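K.L.:
Prediction below, plus the sequence it came from.
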Number of protein chains: 2
Amino acid sequence: MRQFLIVGHDAPTTPEFSLDDITGGAGRLDVLCRCVTSAFFLSHDIREDVSVHLVLGDTFTVSFEGSDLRRLNPDERSTAALIRGALENREDAIGHLPAEASPGVSIRRMGFTAMLEELAAEATVVELHEDGIPVAEVGPPTDPLFVLSDHRNFTDEEGAALAEAADRRMRLGPEVLHADHAVTVAHNYLDTDGFARY
Amino acid sequence: MRQFLIVGHDAPTTPEFSLDDITGGAGRLDVLCRCVTSAFFLSHDIREDVSVHLVLGDTFTVSFEGSDLRRLNPDERSTAALIRGALENREDAIGHLPAEASPGVSIRRMGFTAMLEELAAEATVVELHEDGIPVAEVGPPTDPLFVLSDHRNFTDEEGAALAEAADRRMRLGPEVLHADHAVTVAHNYLDTDGFARY
């Protein structure tokens, strides 16, 4: 299982935003939408062994499960509509239990630190960092959880929690990439294990 | 210089489309927009040594030059607006000469075969193919031109022209990717040359 936990610092926590303005009124939701597309889409297929968790404003987390997804399309607008649909169901998310909003999409009332702690229990937490080990030098981790931030850097508190939880600190290449591009490169790294190093 | 030539088979050739419906009425223009974003954006920078050429309906080609780009944003909608702006200037594209529509964005009256022929003269043409050589096995080409298709396969005629023009046939990994994800992986391949193979 490959997982991605992505923090949307300015992302909405209520569904009152316009699909025509996801870069502005919806706090750069476009970045998170592209991360979802990068995580799941192959040319003519969906990656079923993938989960994506989007932290919205450190209040809610919307999760996408590849094995159950039914209505995902690759464009930003339709993914934003799925996130909005999840937010419309936010009152059903009681305690830390997830509430399903559409097939494969659920919402729970958990911020970054709580989600990280829960996911870390059964994953190899990967921190992407410019001082990390180049991925080409080491074999892929088992059940990796890549932790990423949107257009902003992690806050000091988030960064500290991630450094504490991280099993590996790696870098994907010499350039610092947008989160969605990092997701794509991470997949390629995992896909090509074996033929990258013989 | 890194270049990408991307064929939009259903893409519009006139500016009469809605930015609210780029996946439908605008013939999957979302795919081409994401390719532009993948080609140019680094985390806090634009890749200046990149050109992207979008073939629209085999009638026009809209080109983006990284060194001159001024108004590019990473979301699909704003990139679609730049393409629409170029199409509004299509009458200024006389013969095969490009007409500038906005800083770094121009349009010319050329379809796929003519563009490929022109670009191939000064580039190493790379055909991405599932039977190609894995990129990890060979060093990056000089001045590569990656030729990609949108959500459709190349037509037989396009495929034949590409096979004829191709200097290298390569594959980026074991999975077949969306065009925009292929652009991201191609960049990473070029970026990491050196530390991928020691």
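P.N.:
Sure, I can see it. Residues are numbered from 1 along each chain as shown, chains lettered A, B, ... in the order given.
K.L.:
Next to chain B, which bits of chain A? Give me the list.
P.N.:
A:19-20, A:22-23, A:30-31, A:34, A:37-38, A:41-44, A:73-78, A:134, A:136-137, A:172-178, A:181, A:184-185, A:187-188, A:191-192, A:195-197 (CB under 8 Å from any CB of the partner chain). Quick note: C-beta positions are derived from backbone N, CA and C, even for glycine.
K.L.:
thinking residue A:154 is in contact with residue A:55, fair?
P.N.:
No. Using CB atoms under 8 Å as the test, residue A:154 is too far from residue A:55 to be in contact (11.0 Å).
K.L.:
what about those two, which has more around it?
P.N.:
residue A:55 (27 against 19; other CB atoms under 10 Å in any protein chain shown).
K.L.:
related to what we said a few turns ago, list only those of the residues of chain A next to chain B flagged as buried.
P.N.:
A:19, A:22-23, A:30-31, A:34, A:37-38, A:41, A:74-78, A:134, A:136, A:172-173, A:175, A:177-178, A:181, A:184-185, A:187-188, A:191-192, A:196 (16 or more other CB atoms under 10 Å in any protein chain shown).
K.L.:
mind listing which of those residues are in helices?
P.N.:
Secondary structure from DSSP state H places A:30-31, A:34, A:37-38, A:76-78, A:181, A:184-185, A:187-188, A:191 of these in helices.
K.L.:
okay, among the residues you listed, which ones form the most distant pair?
P.N.:
Farthest pair in those (CB to CB) is A:77 and A:191. Separation: 27.7 Å.
K.L.:
Would you state the helices of chain A in chain order?
P.N.:
Using DSSP H, helices in chain A cover A:29-40, A:76-88, A:112-120, A:156-165, A:179-191.
K.L.:
Highest mean neighbour count out of those?
P.N.:
Among the helices of chain A, helix A:29-40 has the highest mean neighbour count (mean count of other CB atoms under 10 Å in any protein chain shown), at a mean of 27.
K.L.:
Looking at it now, give me its mean pLDDT.
P.N.:
What helix A:29-40 shows for mean pLDDT is 97.
K.L.:
angle of that helix against helix B:76-88?
P.N.:
100 degrees (axes from the mean of the first three to the mean of the last three CA atoms, to 10 degrees).
K.L.:
Pass me the low-pLDDT residue ranges in chain A, would you?
P.N.:
Along chain A, the parts satisfying pLDDT under 70 run over A:194-198.
K.L.:
tell me what the longest strand seen in it is packed against?
P.N.:
Across chain A, the longest stretch assigned as strand under DSSP state E is strand A:124-134. Strand A:124-134 sits against strand A:144-149, helix A:156-165, strand A:168-171, helix A:179-191, with contacts defined as 3 or more CB pairs under 8 Å, 6 or more residues apart in numbering or on different chains; DSSP states H and E.
K.L.:
ok, and the closest non-adjacent residue to residue A:74?
P.N.:
residue A:37 (4.7 Å; CB to CB, 6 or more residues apart in numbering or on different chains).
K.L.:
Contacts only, for that neighbour.
P.N.:
Applying CB atoms under 8 Å, 6 or more residues apart in numbering or on different chains, we find residue A:37 in contact with A:74, A:75, A:76, A:79, A:180, B:34, B:178.
K.L.:
Just give me how far stretch A:11-25 sits from the chain centre.
P.N.:
Its chain's average C-alpha position is 18 Å from that of stretch A:11-25, according to CA atoms, centre = their mean, to the nearest Å.
K.L.:
Now for residue A:154 and residue A:55: what residues contact both?
P.N.:
residue A:7.
K.L.:
what's the closest non-adjacent residue to residue A:155?
P.N.:
residue A:9 (7.7 Å).
K.L.:
And for residue A:46?
P.N.:
In this structure, residue A:46 finds its nearest non-sequential neighbour in residue A:40, 5.2 Å apart by CB to CB, 6+ apart.
K.L.:
wait, the one you found sits on residue A:47?
P.N.:
Yes. In this structure residue A:40 lies within contact range of residue A:47 using CB under 8 Å: 5.3 Å.
K.L.:
Find residues that contact each of those two.
P.N.:
Jointly contacting residue A:40 and residue A:47 under the rule CB under 8 Å, 6+ apart are residue A:66.
K.L.:
Residue A:190: what's it in contact with?
P.N.:
A:2, A:140, A:144.
K.L.:
Would you reformat these as TSV and include distance to residue A:83 and neighbour count?
P.N.:
As requested, these are exported to TSV (distance: CB to CB, whole Å; neighbours: other CB atoms under 10 Å in any protein chain shown):
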residue	distance to residue A:83	neighbour count
A:2	20	22
A:140	29	19
A:144	24	21
